[in-house]
Structure formats: C-alpha cells, structure tokens
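Undergrad: Got a sequence here, can you build the structure:
(chains A and B)
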Amino acid sequence: MSLRDVIAEHRLIVCVGSGGVGKTTTAAAIALEGALSGRRSMVLTIDPAKRLAQSLGLVSLHPGIQEIDAAKLEAARPGTTGIGSLGAGMLDQKSAWDDFISRHAPNEETRDTILRNEFYQHLSQSFAGSAEYMAIEELCRIHESGRYDLIVLDTPPTRHALDFLEAPRRLEDFLDKSVVGWFVRPSASVGWRAWKTASRTVRFLFDRIEDATGLQALAQISDFFVAMEQLFDGINERGQRVRTLLEGDDTAFVLVAGPDEQILGESEAFAQRMQDLGVSLRGVVMNRVHTDESLRKQGERDEEPDGEFVLTGDEHIRRAIIEEGGSAELADWLIRTFRDGERIADAEDLRRESFEAGLPDDVARVAVPEFGHDVHELVDLAKVAERISHG
Amino acid sequence: MAGKPFEVVVGKGGVGKSTVAAALATQYARARHRTLAVELAAPAGLARALGVRDVSQGALAEPREVAPGLSYACIDGENALAEYLALILPVRRVLATVLDSRIYRYFVAAAPGLKELMTVGKLWYEHDRESDGQPVWDRIVVDAGASGHSLQYLRMPAAAAKTFNSGLVHRESQRILDLLRDAKRTAVHVVATPESMPMVEAAEIVEQLRGDLELPIGRIFVNRARAAAPDGAAAVLSKLLSKPMDGADAGLARVAAAGQRELGWLQVQAESIAEFVASTGIEPERLPLMRVEEFGRREVLELASLIADPAEHRQ
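TA: This next block holds a predicted model:
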C-alpha cells in the first residue's frame, strides 16, 4: 500500500515523531493532499511556525477552525479539478482544558470552582501529557461533528515522542475514581486530614509532605478532586470513545522521521513502542532526505556498471563554470558542495535502508527531499504533498 | 572562556543542544574546571555526544567520570524524589512500602511539577556539593531537552515558591531561584539552527528569559551555520541553469543544482538570523555545519575548540 492509499483510505491521520523533523509541515501537506483530491479535509496543529500558520490562514488568538479560501487552494496546484476544502485549527492547551471542564461540568458552580482552583491552573498547563490528551480530545470532537472526511493531527513535540500514545491511559489513571476516592470522600465531610488515618505509612508520608509543602497545597488538591468528582462519568465515557476511535479502522498513524542518525534512533524506538502498544503504524514519511530519488528513478545514477553515477569529469565541469564567468574558487566550491552532498546522501541511504528493513512489510514509506528552503507557502506544501502521495 | 558555575542549554528539538552542551562541558574540562554534564529524564543525545557507553537506567544518577575532569549524570525527577524520601524515611522497609504504594505513585503523577522541581533540586544539590570544604564541581552544564520542557524546568522554582507559600519547598525553591537568577553564577545558553522555525523559537526563548523568567542569558549559538559562497555564485549559477544541457552535461547540471540548493539555504540562513537580530538585538555566535557522514565524538571535540574562543568564529 502506498502512502497515497493510506491517506485515501482513512479518515483520521495522526502524525507522530521526534521534535524538529517537520511533523507540522507533513501534517499540513497530507491535509492539503486530501483537499486537492476532493475531500473535506482539515489539519489540527499544536504550534505551527508563524509563516506556515499564516499560509494556513491561522492567526494566533483566533480560536476555532479557519477554512482556507477556495481560490488559494486552487492556486496551490493549478489545473486541479474537483477540489474539496481545507480547514486548519490550532490547539491552545489552556483553553482546551477550560472548554473541556466547561463541557463536562454539571453546573456553573462546579465549573467555576474548578476553573478557579490553583491546582487545576497548574495542572492544565504543566501536567505531563495533558497537551497530548487535549489534542486527542479535540480530534475526537471534530471527528464526531461529521464536518470533515479527513482530519490530520499534528501531535505535540515530546522528548521521546512516546508520551502521546500513553496520554489517554495516563489521564484515566490520573482520574481513576477509586484512587481519587482516597482524597475525596473524607475531605467532603471532615476535611482532607481524615483519610490519613487510613494507613500509618500514608499518614507519615503525608505529614512529611505537609511539612514540606505547607498545608494549603494539599487542601487545594483535595478541593479540586471534590469538584472533579462530578465530572467523572462524562470523562470516563469520553476516554472510552477516544480509545475506540484511535484503535479503529478509520485511523492511521504516520511516523515522521529524518535521516539524521539521532532521529532515526528515536524513530526506531518509537516504531517498536507503537507495535508494543498495538497501535497501527501505517506509514513512514522520511523528511529532508538528501538523495534525489527522482534522478535515481530515471536511471541516471545507473548508467555506470557499478550503479554509481559518475561525473563527466571535474575538469570539464570546472571549464564550463569558468566559461560562464565563474572564478576557480567558485568552481571548486560548487564541485565540493556537490561531492559533500553525495557523500552525505550515501551515508543517509545506508542508515535509512537499515531503519526501513526493521519496519513491518505493510508500512508505506516515502522520502521527501530537502527543498533548499523552508516550506511555508501553500504552493510549497502542495509540492511536499505531491512527494508524499506519489513518492 | 570563563563560563559560569551553572549553565543550562535550551533550544528547539533537533537543533543540536546535546552537541553544544557536550562541547561546552568538554571545553571546560580541558580548561581544568571540574565539570559535570547533566542530561534530564533519560540518557539520550548528551550521553551519545560524550561517548558514554552502556547507558542503562539507574546506573547514571550518580555522576560517572567519562574523560579527565569531565563527569556525566542523568537526572530523573522520579529517582530524585525517591532519593529525597530515602533521606527523610531512613527505614528501608517503610520506604519500599511507600514507593510501591499506589497513593505515592498517584501523588507523584498528580502533584504538578513535582518531578521537575525534584530535578532542579537535585541539580542544586550537585551545585552545592562540597568535599573537604571545596565545591565538587566548578562547572555544571545541563542539557535541558526540547524548549517546551526545558523552560518548564526553569519555570518550576518560581512557580513552586509561589504555590507553596510556606514550608520547606518554599524556602528551597527560593534558594534555587536565587541561584538561577544570579548572573554571576548562572547562564542560560540558547541553541538554534539557521532556519526560520528554530530561530523564531530561539527569539521567543530569549524573550521569555528576559521577561517572566528573569534568567540571565548566556551565549546564543547558531549551530550548523553555512560558510558564505564565493563571490558571483548566484550570477554564474543562473547562467548555468538557463543553458540548454545535453546528456554529456548531466554532471554539470547536477553540480549546478546542488549549488543552487546551497544558495537557497544560505538565503534562509541570512534571513532567519537577520530576523533574530532584529527582534532580540543579539548577534549570535555561529558554529559551522560539519559535512560528515556520521556526527561523532571527533566533531564534538572540534566544536569544543571553536566554542572556546568566541571571537574566532563570530562573523
């Protein structure tokens, strides 16, 4: 199956990978490809570069999904017919949490208690994995709205790029009713101190923590859970639906990687982890590859018996450059730049081959070359999209 | 290159923070400063850049000497917290019960920023550590991970001091904050690559360091900077590329295309750095792009020499 088929046959594409590999660009390009092939498509991104955001019509402080102008879409790949639509949305972690609480709170009083709680305010900004959970939550909501045929999610950058997959489980653990009960029940009646009688060890530990933190912090935590308890049924049901969606046949995970040795190492670990978690990895997009695949396909590199493309001779090239008014220094620089590029490309190829050999057979893979400039404009994105879907 | 006792390296993912942290630490050690290079959460890029072998979990919380005068440690918030509890719960059996208990695991996960705070606390402990009345380390260099995460670590002491308005955590946080904000003792270095996104992110980090974080800015490195092309490159290339070429010129065509791509990146570099300078007023130091098949220890050592003398590679 090609990556084009993977895109065509799924309604949700989740782009995962290490930081700095071009995940956002890839996600946007996949969504654009969907739009150009006639689907109602959208990309949900976390923190796009300013100029990419502008191209997608995203202006910061402007929540919600922005639909890109039909004329701009058409200009992205002139001559395309039957274009669908492309929307783009940016996730703001803090407001996503606030919305989430507002939606699930049974009444205004509970909502306000939670939103004003200091512990909640820290939690919504700094709880590890909360950005990841909110991204999935938004994805689920947009999916259920039925407004789009293709939704592409750009996941938050994570140090080991693994947190994302475990976010829903972690949030459920975190909000586990039975554990939370330890905090909540006694506190509802006689204050949070009561539950300490449950166990001597716990009492001892919490006395120490109390010394260390001052009493207020624990009281805040307790208050938070008292208020949150009223939201549990909604959250649990939500968690179930999110999981069903992510594990369903409509969803494909695409790993975005690059030929750099460190990134490939991380990507390998990531692909393995996905397999362990039972997540279906359907595609790998290798970005910023230095080998020019198109030349290779035309067979130009295969002219020589050993498969190596051979220059027609440095001297010939030097002469041609000097004939056009270049200095000897420029000629050397150009030849050196080319040779360095080839050398690095060959080393990358070896690394990529060994990485790809470790992937399951049915994973679609595609390489996107280094473009020689940053990709911001829709026209550039369309070129990336072309590479992704046609190799 | 004097440096500060406590240095933190931050920047967007994939820009080479670990490499720069390793080069800085290597250079301090060469200058006979007893140096500790620290990686947070799990052994990764820094261990690799320093050539630390057999990095298995648990064995790394204690600093390990990896070169003369240069040690490596990996600090993980959960281990640091366990270590701290071992100090206040001296009975092993009780400690084990606590660490295994669900409520403890829960609390560690629930208390926002507790892991980050313990990490920073452990760093503080290493900074303060003495042996025979002498500090154990002259220099601590921290590879703080991707900027989202690393700024979270740096933000933690201030947040903790505010959240816990009394008690031990408050006092400790305040002391750590005093260290971090003291320009005589601390420097936060920012690393970027000369492309739009990383440079914009670097400018945002600088803004945050100057703003609510109030932390002393150290050096700004543009890693993988390209050397300028010889004069007249653009004009000659455009002539070459517009010339009709036949099969015999295939090599020339490819050389010209490679040159054109290189010029494209040089332009991106010039624009992104200019934008950074305009928004921050800081002229960054450039570290050269090394065109090697595999970036290894040798390249780190080379960068260490370049980092030693800022004047030499400033352009």
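
Undergrad: what stretches of chain B score poorly on pLDDT?
TA: Along chain B, the model assigns pLDDT under 70 to residues B:1, B:54-60, B:85, B:87-91, B:94-95, B:97-114, B:146-149, B:163-169, B:247-248, B:310-315.

Undergrad: Identify, by residue count, the longest strand of it.
TA: In chain B, assigned by DSSP state E, the strand with the most residues is strand B:217-225.

Undergrad: Just name whatever secondary elements it is in contact with.
TA: Applying 3 or more CB pairs under 8 Å, 6 or more residues apart in numbering or on different chains; DSSP states H and E, we find strand B:217-225 packed against helix B:17-30, strand B:186-192, helix B:196-210, helix B:250-280, strand B:285-288. (C-beta placed from N, C-alpha, C; glycine too.)

Undergrad: so which of those gets nearest A:Tyr120?
TA: helix B:196-210 (23.1 Å; CB to CB).

Undergrad: how about the closest one against chain A, any contact?
TA: Yes: using CB under 8 Å from any CB of the partner chain, helix B:196-210 reaches chain A at B:Ser196, B:Met197, B:Pro198, B:Val200.

Undergrad: If we ignore the residues flanking it in sequence, what's nearest the third one?
TA: Think B:Pro198. Excluding its sequence neighbours, the residue lying closest to B:Pro198 (CB to CB, 6 or more residues apart in numbering or on different chains) is B:Ala192, at 4.2 Å.

Undergrad: right, and that neighbour touches B:Arg286 too?
TA: No: using CB atoms under 8 Å as the test, B:Ala192 is too far from B:Arg286 to be in contact (10.7 Å).

Undergrad: Looking at the two, which is more packed in?
TA: B:Ala192 (29 against 20; other CB atoms under 10 Å in any protein chain shown).

Undergrad: bridging residues for that one?
TA: Under the criterion DSSP bridges, B:Ala192 forms beta bridges with B:Val222.

Undergrad: Now do the contacts for it.
TA: B:11-12, B:15, B:198-199, B:201-202, B:220-223, B:276, B:284 (CB atoms under 8 Å, 6 or more residues apart in numbering or on different chains).

Undergrad: Now tabulate those in TSV and tack on neighbour count.
TA: Shown next, in TSV, are the contacts of B:Ala192 (neighbours: other CB atoms under 10 Å in any protein chain shown):
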residue	neighbour count
B:Gly11	27
B:Lys12	25
B:Val15	29
B:Pro198	26
B:Met199	28
B:Glu201	23
B:Ala202	28
B:Ile220	22
B:Phe221	31
B:Val222	26
B:Asn223	24
B:Phe276	25
B:Pro284	24
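
Undergrad: which stretches of chain A form strands?
TA: Using DSSP E, strands in chain A cover A:12-16, A:40-45, A:65-67, A:85-90, A:150-154, A:251-257, A:281-289, A:364-369.

Undergrad: got the angle for the lengthiest helix in chain A vs strand A:251-257?
TA: The residue-count maximum for a helix in chain A (DSSP state H) belongs to helix A:328-357. Computed by axes from the mean of the first three to the mean of the last three CA atoms, to 10 degrees, the angle separating helix A:328-357 from strand A:251-257 equals 140 degrees.

Undergrad: Does anything pack onto helix A:328-357? Which helices or strands?
TA: With contacts taken as 3+ CB pairs under 8 Å, 6+ apart, helix A:328-357 sits against helix A:261-276, strand A:281-289, helix A:314-323, helix B:233-242, helix B:250-280.

Undergrad: okay, those, which one's buried deepest?
TA: Sort the helices and strands packed on helix A:328-357 by mean neighbour count, taking mean count of other CB atoms under 10 Å in any protein chain shown, and strand A:281-289 sits at the top with a mean of 23.

Undergrad: what separates B:Lys17 from chain A, distance-wise?
TA: Distance of B:Lys17 to chain A, computed by CB to the nearest CB, to the nearest Å: 10 Å.

Undergrad: who's in contact with that residue?
TA: Taking CB under 8 Å, 6+ apart as the test, what B:Lys17 contacts is B:Val9, B:Val10, B:Gly11, B:Gly45, B:Asp143, B:Ala144, B:Gly145, B:Val191.

Undergrad: Is the last one in contact with B:Val10, as I believe?
TA: What that stands for is B:Val191. Yes: between B:Val191 and B:Val10 a contact is recorded at 7.2 Å, counting by CB under 8 Å.

Undergrad: So between these two, which is more surrounded?
TA: Taking other CB under 10 Å, B:Val191 and B:Val10 do not tie; B:Val10 has more neighbours (30 against 27).

Undergrad: Excluding sequence neighbours, find me the nearest residue to that one.
TA: Closest residue to B:Val10 apart from its sequence neighbours, by CB to CB, 6+ apart: B:Ser150 at 4.4 Å.

Undergrad: Need the CA coordinates for the one helix or strand that neighbour maps to. PDB is fine.
TA: Per DSSP states H and E: B:Ser150 is located in helix B:147-163. C-alpha atoms of helix B:147-163 as PDB (Å, rounded to 0.1, in the frame of the first residue of the first chain):
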ATOM      1  CA  SER B 147      12.500  24.100  24.800                       C
ATOM      2  CA  GLY B 148       8.900  23.400  25.900                       C
ATOM      3  CA  HIS B 149      10.200  21.000  28.500                       C
ATOM      4  CA  SER B 150      13.400  22.900  29.500                       C
ATOM      5  CA  LEU B 151      11.600  26.100  30.100                       C
ATOM      6  CA  GLN B 152       9.100  24.200  32.300                       C
ATOM      7  CA  TYR B 153      12.100  23.100  34.400                       C
ATOM      8  CA  LEU B 154      13.400  26.600  34.700                       C
ATOM      9  CA  ARG B 155       9.900  27.900  35.500                       C
ATOM     10  CA  MET B 156       9.400  25.500  38.300                       C
ATOM     11  CA  PRO B 157      11.300  27.100  41.100                       C
ATOM     12  CA  ALA B 158       9.400  30.300  40.700                       C
ATOM     13  CA  ALA B 159       6.000  28.500  40.400                       C
ATOM     14  CA  ALA B 160       6.800  26.400  43.400                       C
ATOM     15  CA  ALA B 161       7.900  29.300  45.500                       C
ATOM     16  CA  LYS B 162       4.600  30.900  44.700                       C
ATOM     17  CA  THR B 163       2.300  27.900  45.100                       C
END
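
Undergrad: what's downstream of that helix, the next helix or strand?
TA: Downstream of helix B:147-163, the first helix or strand assigned by DSSP H and E is helix B:167-181.

Undergrad: Using CSV, list the CA coordinates for that following helix.
TA: The C-alpha coordinates for helix B:167-181 follow below in CSV (Å, rounded to 0.1, in the frame of the first residue of the first chain):
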residue,chain,number,x,y,z
GLY,B,167,7.3,25.4,54.3
LEU,B,168,10.4,23.6,53.2
VAL,B,169,9.6,23.6,49.5
HIS,B,170,9.0,27.3,49.5
ARG,B,171,12.4,28.0,51.2
GLU,B,172,14.3,25.6,48.9
SER,B,173,12.6,26.9,45.8
GLN,B,174,13.5,30.4,46.8
ARG,B,175,17.2,29.5,47.2
ILE,B,176,17.2,27.7,43.8
LEU,B,177,15.6,30.7,42.3
ASP,B,178,18.3,33.0,43.8
LEU,B,179,20.9,30.8,42.1
LEU,B,180,19.2,30.7,38.8
ARG,B,181,18.6,34.5,38.6
